[in-house]
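Trainee: What shape does this take:
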Amino acid sequence: MLTHLLVLVDGSAPSFCHYGHDRRITELMPLAVLERTVAFAHDRRLALTYVPGREELPPEYRAVMDNTAHAAIVPAGLAGRYPDAILVVDADGNDGSAGGAAGERRQFILRLPRHRLAAMADLVRDCLGRASRLNVYLGDIERYTAADIEEYGRQLELAAGYVAAVYRQGSLPEVNIFSDRMLLSAMNNCDAGVVHLTAAPDGKLYICPGFYYDGEQPAGSLEDGITLANRQLLTLANAPICSCCDAFHCKRCVYLNNKLTLEWNTPSREQCVLAHLERNAARLLLDRLGSVPPFSRLRAIPAVDYLDPFDQIPTRRLQP
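Mentor: Below you'll find the model as predicted:
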């Protein structure tokens, strides 16, 4: 059931998930389109999340946005202009460091391109002091090599040490790559196209921002509503491998699925392996915390002997 609408107020808005783009010039959604987008969401009782660009929006845009309850995802450099927004930290340094007033805790998204992978643990450590929640998203997953995957495992181990030290001190910021799997008991994925859609500056609806930036076919429009065929194929119920997997925190990114396997609901090997590295790091971190409350009350994560669930599918010789 659709419950949320993500609104790209500016085509140059920073990436906040696995997709990427190189747009830097302001591409504002026309004001009339923004007004229709808000009306579209209101008529369908959809929660709104705005994603503006790197420049301050004109007052008339802020007036339309502030006319209804909403969330926002903005570059960390604009922290002071959006006091309640989720802040995006670009590991390339293009969007500022972890912002916010001294002593203030905010929600952060750390987007980590492949060439900055070796800095992940240090970047996580730097964000922990300011974060009430930190979401880490890896970019360029489609280009990951075996060496990159091995490095990610090392970075998870280092980052887990920093997180454990903070937790032992009594501070409990959530860190998606660790705490989500500790807390979940069932799949909790991105659900793009099922729970939320994206409204783009062109007035069209897309499964997620990545589909817009890659020039994929829209999933509908503000005038025609949702026109996405076979939408049920996006659901967990129609993903047999994912349905029996216990990497509950995995985003099952539809954008990466489409990009790497040409199927909406079939994850690539890269996604599965990276998610299981995170799952295993969360298991070891939970063990390391031992009797530290509240972790002592959490259910243990069982050990598994694989990183890709597809490896568990038995191969069968075709019968003549």
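Trainee: Low-confidence regions, the stretch 101-250 of the chain specifically.
Mentor: 101-104 (pLDDT under 70).
Trainee: which parts of the helix or strand encompassing residue 167 are buried?
Mentor: Following DSSP states H and E, one finds residue 167 within helix 146-168. Neighbour-count burial for helix 146-168 flags 148-149, 151-153, 155-156, 159-160, 162-164, 166-167 (criterion: 16 or more other CB atoms under 10 Å). All C-beta atoms are positioned from the backbone trio N, CA, C, and that covers glycine.
Trainee: export stretch 220-237 as CSV, just CAs?
Mentor: Output of stretch 220-237 as CSV, limited to C-alpha atoms (Å, rounded to 0.1, in the frame of the first residue of the first chain):
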residue,chain,number,x,y,z
GLY,A,220,2.9,7.3,-13.6
SER,A,221,2.2,11.0,-13.5
LEU,A,222,0.5,13.5,-11.3
GLU,A,223,-2.4,13.6,-13.9
ASP,A,224,-2.8,9.9,-14.5
GLY,A,225,-1.7,8.5,-11.2
ILE,A,226,0.2,5.2,-10.9
THR,A,227,0.4,3.4,-14.2
LEU,A,228,3.1,0.9,-13.3
ALA,A,229,2.3,-2.5,-14.7
ASN,A,230,2.8,-5.7,-12.7
ARG,A,231,3.5,-3.6,-9.5
GLN,A,232,2.9,-6.8,-7.4
LEU,A,233,6.2,-8.1,-8.7
LEU,A,234,8.0,-5.6,-6.5
THR,A,235,6.7,-7.2,-3.3
LEU,A,236,8.5,-9.5,-0.9
ALA,A,237,5.8,-12.1,-1.4
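Trainee: contacting residues around it?
Mentor: Contact with stretch 220-237 is made by 2, 33, 36-37, 40, 187, 189, 191-194, 197, 199, 203-205, 207, 218-219, 238, 242-243, 252, 254, 264-265, as judged by CB atoms under 8 Å, 6 or more residues apart in numbering.
Trainee: The same query, at a cut-off of 6 Å, please.
Mentor: 36, 40, 187, 193, 194, 203, 204, 205, 219, 243, 264, 265 (CB atoms under 6 Å, 6 or more residues apart in numbering).
Trainee: ditto for stretch 198-210
Mentor: 5-8, 11, 19, 27, 29, 33, 37, 192-193, 197, 212, 218-222, 254-255.
Trainee: In helices only, show me the residues you listed.
Mentor: Those of the contacts of stretch 198-210 mapping onto helices are 33, 37, 212, 254, 255, per DSSP state H.
Trainee: For the helix holding residue 167, which helices and strands make contact with it?
Mentor: Counting contacts by 3 or more CB pairs under 6 Å, 6 or more residues apart in numbering; DSSP states H and E, helix 146-168 packs against helix 120-128, helix 269-289.
Trainee: before we move on, back to that, most neighbours among the contacts of stretch 220-237, which one?
Mentor: residue 205 (26 neighbours; other CB atoms under 10 Å).
Trainee: So it: helix, strand or coil?
Mentor: strand (DSSP: H, G, I helix; E, B strand; the rest coil).
Trainee: what are the phi and psi angles of residue 87?
Mentor: phi -100, psi 130 (degrees, to the nearest 10).
Trainee: do the same with residue 174
Mentor: phi -80, psi 140.
Trainee: residues touching it, list them.
Mentor: Shown in contact with residue 174 (CB under 6 Å, 6+ apart): residue 133.
Trainee: Name the residues of stretch 6-23 that are buried.
Mentor: So, applying 16+ other CB under 10 Å, buried residues of stretch 6-23: 6-19.
Trainee: Okay, and residue 172 sits in which element?
Mentor: Per DSSP H and E, there is no helix or strand for residue 172.
Trainee: neighbours around it, how many?
Mentor: A total of 12 residues lie near residue 172 under the criterion other CB under 10 Å.
Trainee: Can you tell me how far residue 275 is from residue 142?
Mentor: 15 Å (CB to CB, to the nearest Å).
Trainee: out of these two, which sits in the busier spot?
Mentor: Legend: neighbour count by other CB under 10 Å for residue 275 and residue 142, higher for residue 275 (24 against 14).
Trainee: wait, doesn't that one sit right on residue 247?
Mentor: Yes: using CB atoms under 6 Å, residue 275 is in contact with residue 247, at 4.3 Å.
Trainee: picking up where we left off before, the helix holding residue 167 vs helix 120-128, what angle?
Mentor: Between helix 146-168 and helix 120-128, the angle comes out at 30 degrees (axes from the mean of the first three to the mean of the last three CA atoms, to 10 degrees).
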